[in-house]
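A.B. asks: Prediction below, plus the sequence it came from.
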Amino acid sequence: MTIAIFESDARHLDQVMTVMTTAFGDSYGEAWTRSQCAGILPMDGVTLMVADDGEDLLGFALYRIILTDAELLLLAVSPAAQGNGVGRKLLAQFIEDAKKKGTSKIHLEVRDGNPAIRIYEAAGFAPAGRRRNYYRGTDGCQYDALTFVFTE
Ligand SMILES: CC(C)(COP(=O)(O)OP(=O)(O)OC[C@H]1O[C@@H](n2cnc3c(N)ncnc32)[C@H](O)[C@@H]1OP(=O)(O)O)[C@@H](O)C(=O)NCCC(=O)NCCS
C-alpha cells in the first residue's frame, strides 16, 4: 500500500468524520463531533495531517503547536486500514513537525486501557499523569485519561 501523508484542512472534514466514527465508535466518548473539529481547525497552531492511499482517506492526526508546546489531540485510522503502520507514520510525522517547530514539550492524552498506548510508548512517550473520569461513554460509564510526555 502506497500511503501519502500530508497536511490538509476542512476540505477533508467529511472523510475525517467517517474515520472518526468508525475508528472510535461511541462506547468510550473519545470521538469528537463534527462541530468540535470544524471549530478547532481554523485556530492558530492547529494542524490536520491526513494519510491517503490515492483513493481513500485512511487516517488522520489532529494536533496543536503553541510556542514551545505540542499536543496530539486525535489520532485515528479507519478500521479496514489498521495494522499497516499508518498510525505509526502519522504519529512520527507529528513528532517530526513538533521538533522542526522547536517545541520543548510534546504531549498527549489517551483513555486508560486504549491499545493505542502501545504505539505511543514505542514512539518514546512516557506516562505523566492521570485525569480521573475524564471520558464518559454512551452508557454513562466514566473512564480515566492518562497523559503522556515525549521523552526521547
Ligand atoms: C491507534 C490507531 C490510530 C493505530 O493505527 P494503526 O494504523 O492500526 O497502527 P499501526 O499499524 O501503525 O501500529 C499498530 C500498533 O498499534 C498498537 N495498537 C493500536 N491499536 C491497537 C488495537 N486495537 N489492537 C492491537 N494493537 C493496537 C499495537 O501496538 C500495534 O503494534 P504491532 O503492530 O507491533 O502489534 C488505530 O488503532 C485507531 O484508530 N484506533 C481507534 C482510535 C484511537 O483510539 N486513537 C487513539 C487515541 S486518540
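C.D. replies: That came through, no problem. Numbering: from 1, shown residues only.
A.B. asks: Walk me through which strands the lengthiest strand in the chain pairs with, and which way each runs.
C.D. replies: When the chain is parsed with DSSP state E, its longest strand is strand 125-136. Strand 125-136 pairs in its sheet with strand 142-150 (antiparallel), by DSSP bridges.
A.B. asks: which residues make contact with the strand it pairs with from outside it?
C.D. replies: With Cβ atoms under 8 Å, 6 or more residues apart in numbering as the test, strand 142-150 has contacts from 28-29, 95, 98, 105-113, 117, 120-121, 123-137. C-beta here means a position set from N, CA and C on the backbone, and glycine is covered the same way.
A.B. asks: Same check on stretch 55-66?
C.D. replies: Applying Cβ under 8 Å, 6+ apart, the external contacts of stretch 55-66 come out as 3, 8, 12, 15-16, 18-19, 23, 37, 40, 43-52, 70-78, 81, 86-87, 90-91, 93-94, 97-98, 101, 103.
A.B. asks: hang on, the earlier thing: would you indicate which residues of the longest strand of the chain are buried?
C.D. replies: 125, 134-135 (16 or more other Cβ atoms under 10 Å).
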